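Student: Predicted model and sequence follow; I will ask about them next.
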Amino acid sequence: MGSLAIARLSIVEILRRKEFYVVLVLVIGLAAWMQTMNLGASGTGRFAKDIVMQVVWLASFALAVPLAARQIVTDVEQKTIYVLMSRPIHRWHYVFGRVGGAAAASAICFTSLFLVLVLMLLAKGVAGIADPGLWQAFALQITALVMICSIAVFFSTFATSAGTVTFSLLLLLMTRYGGPSILDRIESASNLGIFRDVFWGVYLALPHFEFFNISQRVVHGWGVLPSGVFLQIMAYGVAYSVFVAALAAVVFRRRWL
Amino acid sequence: MLLAAGVIALLLTSVLVPRLKAADPRDADILMQVLGGTADLAAEKAYQEADVYFHGGIAGGCPDEAVCVHGAMPHRGESAPLPLARLVKRLHGETAPRAHRHLQGKEEKELLPWFVAAVRLNPHHIEAWRTGSYWFYRTGDFQRAEEFIREGICHNPKDYRLYLDRGILYHRLEKWEAAATDLERARRLWKNSSEDAPYDLSAIRTYLRDSRERLQQPAISR
């Protein structure tokens, strides 16, 4: 119950701030521009879908990371933490509440931006909301947002707000866009001996955001992700988020306030 | 904070302001002039993205479907297999498939916006003009193909390759006289400036000779 009340605070906070509305207006503008502009082939939906989808996905991360990063840091700086901790709640309630709140607020922002994409696809009359792949991508992105929020809250238990944003975004970009190539490099580095196994262990411990990026499949019509694979990735995302949030709770419990 | 403001001010004064002053206000693309090299990079990326689209989302396609789609492990000498590597590779393969395929039929129109974007970002991207014009022709929009390469020639009037491509386009459209005029112009502007230039000269001669034959004019002397 304590976690839910704290989560509610995070949702109220994002709705009060202006960043989300600015991003929403920009995405609506982009979608309208994509709808009206003639870039050589009227009726080609793939280009518009690709551009708006990438922008919506990246914007949702850009909103989620700073939001999650400032949750605990702001409470400590503004001394709100003492008011919250004076209530009969455990510290892990507080941490899980902050992770849940940041994740829920990010999911609300992402859903609003996603609706713009859906409306644009409807207006274009291309394969859009009827494509189950799009909804798989939506669900995977929500899970990825939960993951990044828990990672950002974890970093914020011992780092500054700016450091947390930097670490989280570095991890996100490195794994989302470089995941497969890192794997190839480790695999081919047979001359490294024991270090190869160490690198491999580190690689496995990293959050694999690349699994959650199926935009290429959706945009280029590669079909629906097999349900077994989809469930595996979802389970991985949830388990990773819970593990990192628990780790954040452990670190926060040991922290002197 | 002050340091950040200082760095931004320095960037503005040293990079953007001189570009802004040098920009010609009569040119509609002042923003592109100010952005400079960034726009060129974006143009190159847009041009490459057309190739990615043609291969269904994969740059250059995948030579080995077993590896790319099914996550099969390629043979890598004597290095020991890593635990869970097969699972990770399979998930990579499933989320971002890499099988080799090409767009076909009406789907090919999906490439066109990238060529338009590339030449808007960098009007001197010759390959984007050439390839874009070809794809407009290939998708059946002959008028747009002609307009597109004409616009390219307006931006790059000294580049023989654009005249060669417009000549070939006219040849395909059986506009022999226009083809011969452009190919003759291409021959005059031709420079041996790249690896492809000798092949281009052969193409110019071949198409020019054929166009003239169709017009019942004497072929050019070799």
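Tutor: Right, received. Where do you want to start?
Student: Which of the three states applies to A:Arg87?
Tutor: Put simply, A:Arg87 is coil when judged by DSSP: H, G, I helix; E, B strand; the rest coil.
Student: what about it, how many neighbours?
Tutor: Close neighbours of A:Arg87, defined as other Cβ atoms under 10 Å in any protein chain shown, add up to 11. Using the backbone N, CA and C atoms, a C-beta is placed for each residue, glycine as well.
Student: measure it to A:Val153 for me?
Tutor: Note on A:Arg87: its distance to A:Val153, by Cβ to Cβ, to the nearest Å, is 19 Å.
Student: ok, the most centrally placed residue in chain B - contacts?
Tutor: Taking Cα atoms, centre = their mean, the centroid of chain B lies closest to B:Ala128, which sits 3.0 Å from it. Residues in contact with B:Ala128 (Cβ atoms under 8 Å, 6 or more residues apart in numbering or on different chains) are B:Ala43, B:Ala46, B:Tyr47, B:Phe115, B:Ala118, B:Val119, B:Asn122.
Student: Need the nearest residue in space to the third one, chain neighbours excluded.
Tutor: Taking Cβ to Cβ, 6 or more residues apart in numbering or on different chains as the measure, B:Tyr47 lies nearest to B:Ala118, with 4.3 Å between them; neighbours along the chain are not counted.
Student: SS state for the one you found?
Tutor: With three-state DSSP as the criterion, B:Ala118 reads helix.
Student: Which secondary structure element is home to A:Val202?
Tutor: Per DSSP states H and E, A:Val202 falls inside helix A:194-205.
Student: go on, A:Val73?
Tutor: If you go by DSSP H and E, A:Val73 is part of helix A:45-77.
Student: on contacts alone, who are the packing partners of that helix?
Tutor: Applying 3 or more Cβ pairs under 8 Å, 6 or more residues apart in numbering or on different chains; DSSP states H and E, one finds that helix A:45-77 contacts helix A:2-16, helix A:19-36, helix A:80-85, helix A:91-124, helix A:132-156, helix A:161-188, helix A:215-219.
Student: how about a cut-off of 7 Å?
Tutor: On a contact count with 3 or more Cβ pairs under 7 Å, 6 or more residues apart in numbering or on different chains; DSSP states H and E, helix A:45-77 meets helix A:19-36, helix A:91-124, helix A:132-156, helix A:161-188, helix A:215-219.
Student: so can I have TSV of these showing mean neighbour count, mean pLDDT and distance to chain B?
Tutor: Output for those, formatted as TSV (neighbours: other Cβ atoms under 10 Å in any protein chain shown; pLDDT from 0 to 100; distance: least, Cβ to the nearest Cβ, whole Å):
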stretch	mean neighbour count	mean pLDDT	distance to chain B
helix A:19-36	15	88	10
helix A:91-124	22	90	13
helix A:132-156	24	94	9
helix A:161-188	17	88	5
helix A:215-219	22	85	4
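Student: returning to that earlier point: I'd like to know how far the residue nearest to B:Tyr47 sits from A:Ile51.
Tutor: Applying Cβ to Cβ, the value for B:Ala118 to A:Ile51 is 14 Å.
Student: Between these two, tell me which one has more neighbours.
Tutor: More neighbours surround B:Ala118 than the other of B:Ala118 and A:Ile51, with 25 against 18 (other Cβ under 10 Å).
Student: Quick check, the more buried one in contact with B:Ala43.
Tutor: Yes - taking contacts as Cβ atoms under 7 Å, B:Ala118 lies within contact range of B:Ala43: 4.6 Å.
Student: what do those two both touch?
Tutor: Common contacts of B:Ala118 and B:Ala43 (Cβ atoms under 7 Å, 6 or more residues apart in numbering or on different chains): B:His125, B:Ala128.
Student: ok, back up a step: pull out the buried positions in the helix holding A:Val73.
Tutor: Of the residues in helix A:45-77, A:45-53, A:55-57, A:59-73, A:75 count as buried by neighbour count, 16 or more other Cβ atoms under 10 Å in any protein chain shown.
Student: try stretch B:164-179
Tutor: Under the neighbour-count criterion of 16+ other Cβ under 10 Å, stretch B:164-179 has B:Leu164, B:Asp165, B:Arg166, B:Gly167, B:Ile168, B:Leu169, B:Tyr170, B:His171, B:Lys175, B:Trp176, B:Ala178, B:Ala179 buried.
Student: now stretch A:5-14
Tutor: Across stretch A:5-14, burial judged by 16+ other Cβ under 10 Å covers A:Ile6, A:Ala7, A:Leu9, A:Ser10, A:Ile11, A:Glu13, A:Ile14.
Student: Report the contact partners of A:Gln78.
Tutor: By Cβ under 7 Å, 6+ apart, A:Gln78 lies in contact with nothing.
Student: And it, how far from A:Leu84?
Tutor: Distance of A:Gln78 to A:Leu84, computed by Cβ to Cβ: 11 Å.
Student: How about stretch B:93-113 and chain A, touching?
Tutor: Yes - on the criterion Cβ under 7 Å from any Cβ of the partner chain, stretch B:93-113 is in touch with chain A at B:Glu94, B:Thr95, B:Ala96, B:Pro97, B:Lys109, B:Glu110, B:Leu112, B:Pro113.
Student: Out of the residues you listed, name the ones that lie in helices.
Tutor: Secondary structure assignment by DSSP state H places B:Glu94, B:Thr95, B:Leu112, B:Pro113 of the residues of stretch B:93-113 next to chain A in helices.
Student: Just name the closest of those to A:Gly29, please.
Tutor: B:Pro113 (18.0 Å; Cβ to Cβ).
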